[in-house]
Each structure stands twice: as structure tokens, then as C-alpha cells.
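**Student:** give me coordinates for this.
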Amino acid sequence: MLFSPFPPGRLGFKAGLHADLAKANPRQLRRHPLWERWLAKHLSILLLPARKQVESEPLSFRGFIVLSLPYEFLIGLRYLRARRRNHFISFISFSSMLCMALGVTALIVVLSVMNGFQKEVRDRILSAVSHAQIEGIDRQLPNWQAVLAEVARHPEVIAVAPYIEGQGMLMANQTARGVAVRGILPEMEATVANFAGHMQSGKLEELQPGEFGVVIGIDLARSLWLRKGDKVTLIIPQGTMTAIGMAPRLKIFTVTGIFDMGMAEYDSALALVHLEDASRLYQIEAGASGVRLKLIDLFAAPRIASELAERLAIDAYYMDWTARHANFFRAVQIEKTMMLIIVSLIVLVAAFSLVSTLVMTVTDKEADIAILRTLGARPKSIMTIFIVQGAIVGGIGLILGVAGGVSLTLNIDVVVPFIERLLGMKFLGKDVYPIADLPADLHWDEVFGISLFSFALALLATIYPSWRAARLQPAEALRYE
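**Tutor:** Take a look at the predicted model:
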């Protein structure tokens, strides 16, 4: 038996129509009125064979079942297929689908690369600086051992280490460079920073109290022509009063190690010395300028810094990594937002293409729309037909785009080197960019947001063509048919 997707009450079917169509031979459809032939013709692709036809039986509708779906959906799906005159419309539909897929893929890949770049730079910065730090007034933190013990009892603090920070100038081989000097305890510094994992020569543990050893960055070592074991003079701005006036304070240090953090800020302007040597050189009577913290969740640093300020109740500066590098990460976020807006224009172009596709489809199907209206279809149903068509085009493009974007992001470490070898060029040169490889960090919440935005844009693109189709007057459309 044939089940029509059109409810008999809505389109005015007679009770015997189903039985007539069930018994009818396709050749006999010519005897039916125009609207019956149109209906059978346009729904023929929705008939699924339920059983094999017996060779002696004439080709008929018996044994076929129509999909149990709303007729608006079935007709909208039917209009996606090309028919003789509208191959160009099908091509435009395919172009809209492809444009949507490319836009979604580009959005996912660009945002993932920006996330990967931000994460890589953040990890490199945090390998040299701490998640949070507490610095005393005038670079003096009295009774720092008690402060360190109290901070270590916080449940979200993994490790703590004392430090002294100051400014100085290194001189060697008739060359001078300004540096930031940091006094550390090597065994404790390794718990809050990752200098040990970036040592090019020597070890951090070779910094011993009283031996005045120094560990410097690789760029600083190159600019001063230094190697491990060489002597270098450290001059600090705090002077010493002599009989002839103020004389700069200086001390000869021995290079005990060279590190390469991959960040010019540290590789070219940071020198590490032992805490006791820095305390003696900078005359820090308290023994430390402050303590550095490593946390379980680095993004909780502002909150934990505030909690420690209330808990310790001492006069000190409470800082976290987000405040110390706020300008850099704010610039990265602005760049990410601008890239999102620029690449979103591809999806917007796909939406405009979808509008033009549906407008041409409505123009081509005016006679069909008029017949449906004559049969009793409401304007709302006509709108639904073309909304379904646009949603299917946008949905397929969206699925292809998400699949392509996720696949490309997860395999970017393979795809990018292949393209570089194919083109014979390097996208990120080590001599220019701090990161030689293109990183990617896929965030599923962003994938969901991109999918929602793209599909909503596709639905919005269907409103005008659907509204135009619903306003079509049957008499005007059929006047010249």
C-alpha cells in the first residue's frame, strides 16, 4: 500500500485517491489530472522497494513504501537534486556547500593554531618565571623562611623557592650587556622553573655559595663570546663609598652553565647566581627579596595570590604571571579575535551564496509552488520547504568542515612539514620566530561554537528566499504555464 506524506485533511485528498495510486501503473498516470501526475512524479524518488517485483507483474506502485517524514522535508530534499533545466542551480548549491565547509575548516584550524601558539609561548614563559610571587618592600622579605613554610601549606601550591632580583651589567671581551640578575637556590629553583631541562652546557646545581658562579642565556653568551669556565665581570648600580667618591660595585664571576629557553627575553638578558652570592653582592640583609610559587592550576594564580595576601597579612607585593605579562597575552588575544573575524568572512560569503541559490530555486520552482498552494499548502509549509533545503546544504557543508578542520588540526604536525618539503620553504624560520614548528591546540568548546555560528548563519540565509516563496500568488505563477 502507498502512504502519502500529504495528510488528506490538509491537502483535500479524497479517500479513494490512495487506493487509485496504489493500483495505478506509471503509464496510466497520464490519465490523472495535472496535479496528480505532478505529485506522483515528484515523490517517485521517495519510494523505497519493499520486495522484489515478480517479472509477470506490471511495473506499479504496489510493494513500495514512502518514507514517513513531513512532506515539507521530502520536497525540500527533492529540490536538491538536479533535473534537466537546473543543473546550474545544483552547481551553485554545491559551491555554497563547499564554501561553508572551507570556512568552517579554516576557522577551526586558525583558532587551533592560535591556541597552540599561545600555549607554547605561555609554557616557555612559565619555564623561566613562576606562576605567582611574593616580593617584600624595598626588595627585603624579613623572615622569608617562615613565609615560605606558610605559603607551602596552601593546598593549591605545589612548590616554593626564595629569590633575589636585581639589575646589573656583564662585561667580557671588551663588550658589555645589561642583564637581570636573579639569585636562586638551585635545588629549590628546579621545582618552580624548568631551567634544568634547557641547559646547553653545565648544570644548575654547579652554582655553589661563595664560588661566585653564574649561569647565563645562550644569546648573552654569544654576544659576550663566553663559554663555560670563562670569567665575566658583573657591575651593579649600587655603589660603594670610597675616599675619592662613589665607586661602582663589581665582582668577577665564572660561567658555570648556559641555558636556552627559546625566548629572547631570557636568553639574552638573564643571569642566574646563587642566593647567598646575590645577597652579599646586593647587600640584602633579609637574605631574600621574596618567594616564587608553582601552582596546581596556573589559571588560578590571581585568586591564590589574593588569598595569600589575606592569609599572610604582611607588607609585600603579591603578583602573578597574568599581571606581569598582561600586555603580551592581551596582544595575543586581540590577534586571535581579529583572525576569527577575518576568517569568519568566508562563512559569511557561503551564506550569501546560499541566499542566491535559494532565490534561483524559488524562481525555478514557481509553478510547483503554485500547484502546492492550489492543493492547500499553507505559506508556512512553503517556507519550511526552502528552509529545509538551505539547512541541508548548510548542514552538509558544516559536517564536512568540522571533519576536515578537526582532522587537519590533529595531523598538522604531518601536513605542514609535507607542504614545506613540497614548496621547498620554511614557514617559521628559527632565526626569525621563537617557535620553529607550527603548534595546534584543539578546543572542543570552540568547535561547538563555530558549528553553532555557521549553522545559525545558514538558517538566517534561508529566511528571505523562503519568505519570498511563501508570498507567491498561484494565479500569477500559473498565468503563462
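**Student:** unless I'm mixing things up, G116 is touching P439, no?
**Tutor:** Yes. At 3.2 Å, G116 counts as touching P439 under the criterion of Cβ atoms under 8 Å. Every C-beta, even on glycine, is put in place using the N, C-alpha and C of the backbone.
**Student:** A323 reaches P302, doesn't it?
**Tutor:** Yes. With contacts defined as Cβ under 8 Å, A323 counts as touching P302 at a distance of 7.4 Å.
**Student:** which one's more surrounded, these two?
**Tutor:** Set side by side, A323 and P302 show more neighbours around P302, with 15 against 12, by other Cβ atoms under 10 Å.
**Student:** for that one, pull up the helix or strand it's in.
**Tutor:** Secondary-structure element containing P302, defined by DSSP states H and E: helix 301-312.
**Student:** break this structure down into its structural domains.
**Tutor:** Taking automatic domain parsing as the reference, the chain has its domains at 8-68, 84-122+329-477, 130-322.
**Student:** could these go into a markdown table alongside mean pLDDT?
**Tutor:** Output for the domains of the chain, formatted as a markdown table (pLDDT from 0 to 100):
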| stretch | mean pLDDT |
| --- | --- |
| domain 8-68 | 41 |
| domain 84-122+329-477 | 83 |
| domain 130-322 | 88 |
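**Student:** between these, which one is nearest to L74?
**Tutor:** Proximity to L74, assessed across the domains of the chain by Cβ to Cβ, is greatest for domain 8-68 (5.5 Å).
**Student:** mind listing the helices in the stretch 251-400 of the chain by residue range?
**Tutor:** Assigned by DSSP state H, counting those that start in this stretch, the helices in the stretch 251-400 of the chain fall at 264-267, 275-282, 301-312, 321-324, 326-364, 366-375, 379-410.
**Student:** any chance of those helices in JSON lines, with distance to P162 too?
**Tutor:** Below are the helices of the stretch 251-400 of the chain laid out as JSON lines (distance: least, Cβ to Cβ, whole Å):
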{"stretch": "helix 264-267", "distance to P162": "19"}
{"stretch": "helix 275-282", "distance to P162": "6"}
{"stretch": "helix 301-312", "distance to P162": "15"}
{"stretch": "helix 321-324", "distance to P162": "18"}
{"stretch": "helix 326-364", "distance to P162": "25"}
{"stretch": "helix 366-375", "distance to P162": "80"}
{"stretch": "helix 379-410", "distance to P162": "42"}
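**Student:** of the ones you listed, which is nearest K251?
**Tutor:** Among those, helix 275-282 comes nearest to K251, with 5.9 Å by Cβ to Cβ.
**Student:** in terms of secondary structure, what does the closest one contact?
**Tutor:** Under the contact criterion of 3 or more Cβ pairs under 8 Å, 6 or more residues apart in numbering; DSSP states H and E, helix 275-282 touches strand 157-172, strand 175-184, strand 231-242.
**Student:** that one vs strand 157-172, what angle?
**Tutor:** Relative orientation of helix 275-282 and strand 157-172, computed by axes from the mean of the first three to the mean of the last three Cα atoms, to 10 degrees: 50 degrees.
**Student:** for helix 275-282, what is the distance to the chain centroid?
**Tutor:** Computed by Cα atoms, centre = their mean, to the nearest Å, the chain-centroid distance of helix 275-282 equals 45 Å.
**Student:** residues contacting that helix, please?
**Tutor:** With contact meaning Cβ atoms under 8 Å, 6 or more residues apart in numbering, helix 275-282 is reached by 139, 162-164, 166, 181-185, 209-213, 234, 236, 238, 249, 251, 273, 284, 287-288.
**Student:** just the buried ones from those, in PyMOL syntax?
**Tutor:** Only the buried entries of the contacts of helix 275-282 go into this PyMOL selection, using 16 or more other Cβ atoms under 10 Å:
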select buried, resi 162+163+164+166+181+182+183+184+185+212+213+234+236+249+251+273+284+287+288
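**Student:** report the buried residues of the helix or strand where V414 lies.
**Tutor:** Following DSSP H and E, one finds V414 within helix 412-423. By neighbour count with 16+ other Cβ under 10 Å, helix 412-423 contains the buried residues 412, 415-416.
**Student:** ok and that helix relative to helix 379-410, angle-wise?
**Tutor:** Going by the same axes, to 10 degrees, helix 412-423 makes 80 degrees with helix 379-410.
**Student:** now helix 412-423: how far from the chain's centre is it?
**Tutor:** Put simply, helix 412-423 sits 20 Å off its chain's centre (Cα atoms, centre = their mean).
**Student:** same thing with stretch 465-481?
**Tutor:** Going by Cα atoms, centre = their mean, the spacing between the C-alpha centre of stretch 465-481 and its chain's C-alpha centre is 45 Å.
**Student:** what's next to it, contact-wise?
**Tutor:** Stretch 465-481 is touched from outside by 355, 358-359, 361-362, 365-367, 369-371, 373-374, 379-380, 382-387, 390, with contacts defined as Cβ under 8 Å, 6+ apart.
**Student:** tell me where the stretch 51-200 of the chain has strands.
**Tutor:** Assigned by DSSP state E, counting those that start in this stretch, the stretch 51-200 of the chain shows strands spanning 64-66, 132-136, 157-172, 175-184, 199-202.
**Student:** from the middle of its chain, how far away would the helix or strand following the last one be?
**Tutor:** Next in sequence after strand 199-202, counting helices and strands by DSSP H and E, comes strand 213-217. Remark: strand 213-217 is offset 38 Å from the chain centroid, using Cα atoms, centre = their mean.
**Student:** relative orientation of strand 213-217 and strand 157-172 in degrees?
**Tutor:** 90 degrees.
**Student:** what helices and strands are in contact with strand 213-217?
**Tutor:** Here strand 213-217 is seen to pack against strand 231-242, strand 245-259, strand 270-274 when contacts are counted using 3+ Cβ pairs under 8 Å, 6+ apart.
**Student:** what's the angle from it to strand 245-259?
**Tutor:** Taking the same axes, to 10 degrees, strand 213-217 and strand 245-259 form an angle of 70 degrees between their directions.
**Student:** contacting residues around strand 213-217?
**Tutor:** Contact with strand 213-217 is made by 170, 179, 195, 199, 202, 204, 206-207, 224, 226, 232, 234, 253-261, 266-274, 277, as judged by Cβ under 8 Å, 6+ apart.
**Student:** of those residues, buried ones?
**Tutor:** Applying 16+ other Cβ under 10 Å to these, the neighbour count classes 170, 179, 195, 202, 204, 206-207, 224, 226, 232, 234, 253, 255-259, 261, 266-274, 277 as buried.
**Student:** nearest to E420, of the helices of the stretch 251-400 of the chain?
**Tutor:** Minimum separation from E420 across the helices of the stretch 251-400 of the chain (Cβ to Cβ) falls at helix 379-410, 15.2 Å.
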